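Enquirer: here is a sequence together with a model predicted from it:
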Amino acid sequence: MTPNDPVISIGRPLRTHKPPSYLKDYHVSIARSNSSSSTRQGSNVILLQSIKARLYGQFHTKDLGSLKYFLGIEVARSSRGLYLCQRKYTLDILDDCGLTGARPSEFPMEQNLKLSNSTGAILSDPSPYRRLVGRLIYLTVTRPDIVHTVNILSQFMHQPRQPHLDAAHRLIHYLKGSPGQGIFLHSQSDLALKAFCDSDWASYPMTQRSTTGYCIFLGSSPISWKTKKQTTVSRSSAEAEYRSMAVATCELTWLSFLLRDLGMPLTTPVPLYCDNQAALHIAANPVFHERSGGYAGSGGVATDWKPMELRRAQLLVTR
């Protein structure tokens, strides 16, 4: 063994009372000495081979080669990066719905469509709708473009109606036009975070709650996206946008800690982009402002936000 070879040990946790039967019940320790940049690539190959050899000695495993298909996710690899899509999974959804020959649609949902839980006939058998929406939720793993629509459809799982099923079929028509669309993870992009957030004020007619949406990039690769109904009612569009910024800030904070634990700490501030000027002014100066739209609480700031969360939003936002 040379000084640059990795030292690997596989053992069981000390606090277990019986022999573990799964790989997750073991801990793997990897220790490496410092190596020069010229031998770094060779050391990575040696490290990978050593980990495989130790795993082969502990478990009945098999090397399947490069990743191509896993849990419905197709992986295409090139020198530029990885392309992830769920084409076969999407085609299976179309086949199960009987819409393989349907006409493609350019948009996942009709503009300004407001679904409610009181209009339309109740479906006699809600199982197909629930099964369809459940499969669409898993499809959002590689399809950020349908996250908002799927979020709306999932609000009516308890008692779906005919307009909800029609909106779900409209989404299937959209998927028919782009079954192989996915995300591309660049291999040469920089390791810098940036985020975009937005909100839809009072988009739910039943509760008058707003919708929060954000998308976070690591370099030029999307790594996190989400659309969620806000927990409280926002009294203005600026308040809804500011709440969206606060949620995106929490996700950015968690990702920054994750990158630091992986040995890639952030060295530059993380920009958070928002298109609402009132929310930007409030984030830059969190005191009472005439554009705040009548916030409840002292100082014009909503009382259910933590001061540290407001401070992080102030530090991360880029105007």
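Expert: Ah, there it is. This one's a predicted model, so the numbers in the text were calculated from it and none came from an experiment.
Enquirer: domain assignment for the chain?
Expert: Per automatic domain parsing, the structural domains of the chain span 7-58, 84-177, 190-316.
Enquirer: want to throw the ones you listed into CSV with mean pLDDT, mean neighbour count and distance to Phe70?
Expert: For the C-beta atoms, the positions are set from N, CA and C on the backbone; glycine is no exception. What follows is the domains of the chain, written out as CSV (pLDDT from 0 to 100; neighbours: other Cβ atoms under 10 Å; distance: least, Cβ to Cβ, whole Å):
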stretch, mean pLDDT, mean neighbour count, distance to Phe70
domain 7-58, 57, 11, 16
domain 84-177, 88, 16, 10
domain 190-316, 73, 17, 18
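Enquirer: and these as TSV, adding distance to Ala76?
Expert: TSV is the format used below for the domains of the chain (distance: least, Cβ to Cβ, whole Å):
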stretch	distance to Ala76
domain 7-58	21
domain 84-177	8
domain 190-316	15
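Enquirer: minimum distance to Ile73: which of those domains has it?
Expert: Closest of these to Ile73 is domain 84-177, at 5.8 Å (criterion: Cβ to Cβ).
Enquirer: how far does the closest one stretch from start to finish?
Expert: In domain 84-177, first residue to last residue: 18 Å (Cα to Cα, to the nearest Å).
Enquirer: what does stretch 227-235 give?
Expert: 20 Å.
Enquirer: now that stretch, how far from the chain's geometric center?
Expert: Centre-to-centre, stretch 227-235 and its host chain are 18 Å apart (Cα atoms, centre = their mean, to the nearest Å).
Enquirer: repeat that for stretch 138-157.
Expert: Counting by Cα atoms, centre = their mean, stretch 138-157 comes out at 11 Å from the chain centroid.
Enquirer: contacts for it?
Expert: 72-73, 84-86, 89-90, 93, 108-109, 115, 117, 126, 129-130, 133, 136-137, 164, 167-168, 171, 174-175, 181-183, 204, 211, 213, 215, 222, 225-229 (Cβ atoms under 8 Å, 6 or more residues apart in numbering).
Enquirer: can we see that at 7 Å?
Expert: Here stretch 138-157 makes contact (Cβ atoms under 7 Å, 6 or more residues apart in numbering) with 73, 84-86, 89-90, 108-109, 115, 117, 130, 133, 136-137, 164, 167-168, 171, 181-183, 213, 215, 222, 225, 227-228.
Enquirer: quick check: strands, which of the residues you listed are part of them?
Expert: Taking DSSP state E as the definition of strands, the contacts of stretch 138-157 contribute Ile73, Leu84, Cys85, Gly182, Ile183, Gly213, Cys215, Pro222, Trp225, Thr227, Lys228.
Enquirer: sounds good, over and out.
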